[in-house]
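In: Below is the sequence, then the predicted model.
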Amino acid sequence: MAPAQGSNVRVRVSLADEQEFSEGLDPNTSRYATKLSKMAALAGKEALDMSGMACHGLKDVGALVGTALSGTVFRESVCSALSRPTGRVSPLKASRCVPNESVGTICLELGLKGYNTIVSSFASSSVDALFQASLAIVTGKARAMLVVGAEELSPFVIESLWGMGLLEEIAVDGSGQSSSSNLPQKQGLCLGEGAAAVLLEDADSALNRGADILGFIEEISIRSSSSSSIKRVRMMAETIMDCLDRVPVVDDVLLGYISANANGDRVMDGLERNALRRLLGQKSLPVTALKRALGETFGAAGLFQLVSALCGFKNRGAPLLEWPGQKVDAEAPPTVISEHRMKSAIINNFSPMGNYSSVLLTTKEVFV
């Protein structure tokens, strides 16, 4: 998609099938909702069903959606329809332009009646949503919060990123097949879209209702700095250190692995690599790069990383992807983190806008 003018270069983008997300939703939701809302509602529905929360009532259960590029801006097609209407514009179509449309669709579809809003802080959106959901529970605004990270790619977004030279280039031959040997390796983003969801709840409340707890959030650290590279490295290191300080003993058993923000961006990957070196020194610690497989999902990335870690806890294994050098290679075969490390994970979500977030996720036995 979005080829360079007059060249045989394409960019790597992973798009979701919109029809797939229409199944399992109310027909009215599928008819009028945006693709992002469909993905978010379906992910939220599955998370809510798996949690068993519906049996205990949803009156004080809220929802937060973290999204960077979608859901917070006008849909291009809707803007066009509203600016040049051929007749009467449906109020349902007009409502697609409301910034919090995605979380509204989730609440209507799932029957949630608690506190709800969207969070948009670019690449840190879903982790910031997780933080705000935690505050809502602690302050008594909600008994539980459904947290969704969702991102939808549009032609405008892809073309804009292409124009800024941020996308990974792949050479193609006359048959349309990739032929990377004809093009020097150029670092850049591989884009993706989709949605991930978790139900966040106070631990005592979840235990009392007999919920199957997948993991515990022990720390969420958020810092900000967009000044010099040295300061940004220091801020990244301090963000990760806030999480490390919560681990009783930093050893091979209690400290599992770090889910890196690494996405193929030369500057940000370099800053994160330097932050980890500054923090860990000579310590050997597994690092994963989920975006290497899924692509850069921006506002949804933090939730994808968190859900991946939860799956790793449950299955006692997670893909270990070597720290990317010049590019993020989706085809590289992963190795697997050893079982004894699968008790905790630190999730890094760093935005080029200066928002740095790290989350310490653990299993029960770490702090017992």
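Out: Sure thing, it's come through.
In: who touches stretch 272-285?
Out: Applying Cβ atoms under 8 Å, 6 or more residues apart in numbering, the contact partners of stretch 272-285 are 233-234, 236-237, 240-241, 244, 250, 255, 257-258, 260-262, 287, 323, 348, 350. Using the backbone N, CA and C atoms, a C-beta is placed for each residue, glycine as well.
In: Just the buried ones from those, in PyMOL syntax?
Out: To isolate the buried ones among the contacts of stretch 272-285 in PyMOL, judged by 16 or more other Cβ atoms under 10 Å, type:
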select buried, resi 233+234+236+237+240+244+255+257+258+260+261+262+287+348+350
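In: Among the contacts of stretch 272-285, which are located in strands?
Out: Judged by DSSP state E, the subset of the contacts of stretch 272-285 located in strands is Tyr257, Ile258, Val287, Asn348, Phe350.
In: Only C-alpha atoms, please: export the strand or helix carrying Lys314 in PDB.
Out: Following DSSP states H and E, one finds Lys314 within helix 301-315. Presented in PDB, the C-alpha positions along helix 301-315 are these (Å, rounded to 0.1, in the frame of the first residue of the first chain):
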ATOM      1  CA  ALA A 301       0.200  -1.900  21.500                       C
ATOM      2  CA  GLY A 302       0.400  -1.800  25.300                       C
ATOM      3  CA  LEU A 303      -2.700  -4.000  25.700                       C
ATOM      4  CA  PHE A 304      -1.400  -6.400  23.100                       C
ATOM      5  CA  GLN A 305       1.800  -6.700  25.000                       C
ATOM      6  CA  LEU A 306       0.000  -7.200  28.300                       C
ATOM      7  CA  VAL A 307      -2.400  -9.900  26.900                       C
ATOM      8  CA  SER A 308       0.600 -11.600  25.400                       C
ATOM      9  CA  ALA A 309       2.300 -11.700  28.800                       C
ATOM     10  CA  LEU A 310      -0.900 -13.100  30.400                       C
ATOM     11  CA  CYS A 311      -1.000 -15.800  27.800                       C
ATOM     12  CA  GLY A 312       2.700 -16.600  28.500                       C
ATOM     13  CA  PHE A 313       1.900 -16.900  32.300                       C
ATOM     14  CA  LYS A 314      -0.900 -19.300  31.600                       C
ATOM     15  CA  ASN A 315       1.000 -21.400  29.000                       C
END
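In: Pull out the buried residues from it.
Out: Buried positions in helix 301-315, judged by neighbour count with 16+ other Cβ under 10 Å: Ala301, Gly302, Leu303, Phe304, Gln305, Leu306, Val307, Ser308, Ala309, Leu310, Gly312, Phe313.
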